[in-house]
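Engineer: give the three-dimensional model of this entry:
(one chain, ligands or ions: 2)
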Amino acid sequence: MPVTCVYGMQWGDEGKGRIVDLLAAESDFVVRYQGGANAGHTVIVGEEKYVLHLLPSGAIQPATINVIGNGVVVDPWVLIEEIDELAGRGISLDGRLLISDRAHVVLPHHKTMDQALEALRGADALGTTSRGIGPAYGDKFRRAGMRVADLLKPHRYEDLLQANTGAWNAILDKAGLDPIDVASVIEETRAVGERLRPYAADVTTILLEAWKAGRPILAEGAQGFGLDVDHGSYPFVTSSTTGPAGVSAGTGLPPRALDRVVGIVKAYTTRVGAGPFPTKDTGPAGVHLAKAGHEFGATTGRPRDCGWFDAVLARRAAFTQGATSVCLMKLDCLSGMDEIKLCTAYELDGVRVDAPPAWAGDWERCEPVYESFAGWTEDIGGARRFEDLPATAQTYVRRIQEILETPVEVISVGAERERFIPLVEGIPVGV
Ligand code: IMO
Ligand code: MG
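Structural biologist: Ligands and ions are numbered 1, 2, ... in the order given. Next up is the predicted model:
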């Protein structure tokens with residue numbers, strides 16, 4: 001597996017961390033290429049649960065080198081907390097963490113701005129994670145961002161910060177919030193800059209050398225296709241390119257370096273934050289899924305909305321991003337449901353729709369067209385082969401594979417590391 005990308009095919013929280021952890025065992029490098037501390041990637045090993053926001057999910061494997069690419073927006077305080085927390089639990093990142101000197105930094109005022117902008121939106125708030133993601137990427141793209149390289153050069157940093165905060169202070173004033181106190185930001189960031197210094201590097205050069213030497217590299221996506229800034233339910237999205245299309249921009253590896261693209265999808269759909277969700281179920285099915293899947297945000301603790309598998313979204317995520325395989329997560333959470341529904345198309349104003357509409361308002365009004373499947377009652381947590389699954393579960397999985405036109409590579413049947421069914425070649429559809 002020279003260069004593999006793992007990305008989310010829904011609205012985040014698909015179980016990317018769990019798959020990255022599995023694949024990391026055979027990767028020399030795990031690289032985050034976009035997003036920031038808005039991610040919440042969970043890895044469960046035995047009795048231990050790890051929730052990672054900025055550290056790549058290769059952190060839990062003992063030998064993997066973890067890389068934060070230039071496309072990530074780095075909150076130094078969150079990162080340091082994560083490094084220290086893992087160290088406290090006996091996992092050292094010394095010599096195993098690299099941070100791109102080109103990565104942009106999330107500063108306290110970005111988080112304040114995130115909240116202020118949400119307050120200004122009022123009823124139209126996006127429901128962001130308040131992690132400063134939009135303002136930090138906004139600064140990057142308006143060419144007024146602060147990078148790790150700047151943090152390591154205090155003089156340059158102070159001048160830049162002075163120059164770049166003027167526009168923000170005008171907005172903060174309008175929202176009735178205190179202006180950014182540049183002197184105190186400088187003071188606060190001095191220490192964190194020094195903590196990051198040992199990890200900062202031109203990671204693109206390191207990754208290019210590794211790629212040329214044929215060493216296995218795993219690119220770990222955060223968020224999901226429905227939250228992609230271009231292809232998602234804009235404006236109810238995050239501020240980055242979430243799929244494999246973001247890997248080259250966010251690491252410096254060339255696009256042709258990617259050999260394998262693994263899409264992660266839950267056997268149902270969840271969403272946290274505002275925005276369209278046509279297959280949302282507010283009845284007993286939604287309650288069942290929320291409970292069985294413990295559907296609470298790993299970053300914010302907010303309850304996630306739950307509903308049926310949305311193949312309009314997942315198909316688009318598979319086709320546009322070129323998934324070479326799919327991992328189907330949390331199939332076990334469907335156990336005990338009489339009927340399982342799968343949305344294969346939408347209807348909008350009486351017209352059939354096969355791709356997500358451009359306008360979130362239209363997407364919101366879409367009515368799902370469902371296929372119905374019989375459920376199963378068995379606990380499938382112990383299944384390790386496809387044949388171990390009840391026939392009804394096999395039928396449902398085969399149908400998903402057929403609709404996505406992409407082989408299912410792994411079926412997850414529980415949160416623990418070993419609870420999955422490996423199917424590298426996919427399930428023979430005709431069997
Ligand atoms: P992982 O990597 C689920 C959602 C927020 C909000 C929108 C914009 O764990 O799958 P932002 O803070 O990014 O500006 O918020 O995106 N969101 C996520 N939802 N999982 C995530 O990450 C998310 N990261 C952002 O809830 O709707
Ligand atoms: Mg999450």
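Engineer: okay, Asp388: pLDDT?
Structural biologist: What the model reports as pLDDT for Asp388 is 96.
Engineer: give me the neighbour count for it.
Structural biologist: For Asp388, the number of neighbouring residues by other C-beta atoms under 10 Å comes to 14. Using the backbone N, CA and C atoms, a C-beta is placed for each residue, glycine as well.
Engineer: check Glu14 too.
Structural biologist: 30.
Engineer: tell me the contacts of it?
Structural biologist: When contacts are counted by C-beta atoms under 8 Å, 6 or more residues apart in numbering, Glu14 touches Gly8, Gly224, Ile264, Val265, Lys266, Met329.
Engineer: now the phi/psi pair for the closest residue to ligand 1 within the chain, please.
Structural biologist: Nearest residue of the chain to ligand 1: Gly273, at 2.0 Å (C-beta to the nearest ligand atom). Gly273 adopts backbone torsions of phi 100, psi 170, taken as degrees, to the nearest 10.
Engineer: show me the contacts for it.
Structural biologist: Gly273 neighbours (C-beta under 8 Å, 6+ apart): Trp11, Leu126, Gly127, Thr128, Thr129, Phe236, Arg302.
Engineer: go on, Arg302?
Structural biologist: Here Arg302 is in contact with Gly127, Val272, Gly273, Phe296 (C-beta under 8 Å, 6+ apart).
Engineer: OK, contacts around the residue of the chain found nearest ligand 2?
Structural biologist: Ligand 2 sits closest to Gly40 of the chain, with a gap of 3.7 Å, by C-beta to the ion. Contact analysis of Gly40 by C-beta under 8 Å, 6+ apart lists Asp13, Val51, Leu52, His53, Gly297, Ala298, Thr299.
Engineer: confidence score at the third one?
Structural biologist: Here the pLDDT value assigned to Leu52 is 96.
Engineer: could you report the neighbour count for it?
Structural biologist: 27.
Engineer: gap between it and Glu339?
Structural biologist: Distance, Leu52 to Glu339, by C-beta to C-beta, to the nearest Å: 36 Å.
Engineer: can you tell me the SS state at the nearest residue to Arg385 once chain neighbours are set aside?
Structural biologist: Ranked by C-beta to C-beta, 6 or more residues apart in numbering and with sequence neighbours excluded, the top spatial neighbour of Arg385 is Ile421, at 6.3 Å. Three-state call for Ile421 (DSSP: H, G, I helix; E, B strand; the rest coil): strand.
Engineer: swap in Thr42?
Structural biologist: strand.
Engineer: residues contacting it?
Structural biologist: So Thr42 contacts Gly17, Arg18, Lys49, Tyr50, Val51, Leu52, Ala298, Ala415 (C-beta under 8 Å, 6+ apart).
Engineer: from those residues, keep the buried residues only.
Structural biologist: Gly17, Arg18, Tyr50, Leu52, Ala298, Ala415 (16 or more other C-beta atoms under 10 Å).
Engineer: from these, which is closest to Glu194?
Structural biologist: Glu194 lies nearest to Leu52 out of the buried ones among the contacts of Thr42, by C-beta to C-beta, at 23.0 Å.
Engineer: my read is that the closest one contacts Ile44, right?
Structural biologist: No: contact criterion C-beta atoms under 8 Å: Leu52 and Ile44 do not qualify, at 11.9 Å.
Engineer: now the closest residue to Asn164 other than its chain neighbours. Its backbone dihedrals?
Structural biologist: If the residues on either side of it in the chain are set aside, Asn164 comes closest to Ala144, at 4.2 Å by C-beta to C-beta, 6+ apart. In terms of degrees, to the nearest 10, the main-chain angles of Ala144 are phi -130, psi 30.
Engineer: Ala144: what's it in contact with?
Structural biologist: Going by C-beta under 8 Å, 6+ apart, Ala144 touches Ala163, Asn164, Ala167.
Engineer: any idea which of those residues is closest to Asp150?
Structural biologist: The closest of these to Asp150 turns out to be Asn164 (C-beta to C-beta; 10.1 Å).
Engineer: for the closest one, grab phi and psi.
Structural biologist: Per-residue torsions, Asn164: phi -90, psi -10 (degrees, to the nearest 10).
Engineer: for it, give me its contacts.
Structural biologist: Applying C-beta under 8 Å, 6+ apart to Asn164 gives the contacts Asp139, Ala144, Gly145, Met146.
Engineer: which of these has the most neighbours?
Structural biologist: Busiest of these [other C-beta under 10 Å] is Asp139, holding 25 neighbours.
Engineer: so that residue is in contact with Leu107, correct?
Structural biologist: No: between Asp139 and Leu107 there is no contact under C-beta under 8 Å: 9.0 Å.
Engineer: all helices of the stretch 1-150 of the chain, in order?
Structural biologist: Taking DSSP state H, counting those that start in this stretch as the criterion, the stretch 1-150 of the chain carries its helices at 16-24, 76-88, 108-121, 133-141, 148-151.
Engineer: please apply the same query to the stretch 251-400 of the chain.
Structural biologist: 284-292, 311-321, 360-365, 391-404.
Engineer: for Arg352, find the nearest of these.
Structural biologist: Using C-beta to C-beta, the helices of the stretch 251-400 of the chain put helix 311-321 closest to Arg352, at 10.5 Å.
Engineer: helices or strands up against that closest one?
Structural biologist: strand 260-266, strand 339-348, helix 391-404 (3 or more C-beta pairs under 8 Å, 6 or more residues apart in numbering; DSSP states H and E).
Engineer: contacts for it, please.
Structural biologist: With contacts defined as C-beta under 8 Å, 6+ apart, helix 311-321 is touched by 7, 9-10, 224-226, 231, 243-245, 261, 263, 265, 269, 278, 323, 326, 342-346, 353-356, 400, 403-406.
Engineer: tilt between that helix and strand 260-266?
Structural biologist: For helix 311-321 against strand 260-266, the angle by axes from the mean of the first three to the mean of the last three C-alpha atoms, to 10 degrees is 170 degrees.
Engineer: next, see if helix 311-321 gets close to ligand 1.
Structural biologist: No: Helix 311-321 is not in contact with ligand 1 by C-beta under 6 Å from any ligand atom; minimum separation 13.0 Å.
Engineer: how far does that helix sit from the chain's center?
Structural biologist: 16 Å (C-alpha atoms, centre = their mean, to the nearest Å).
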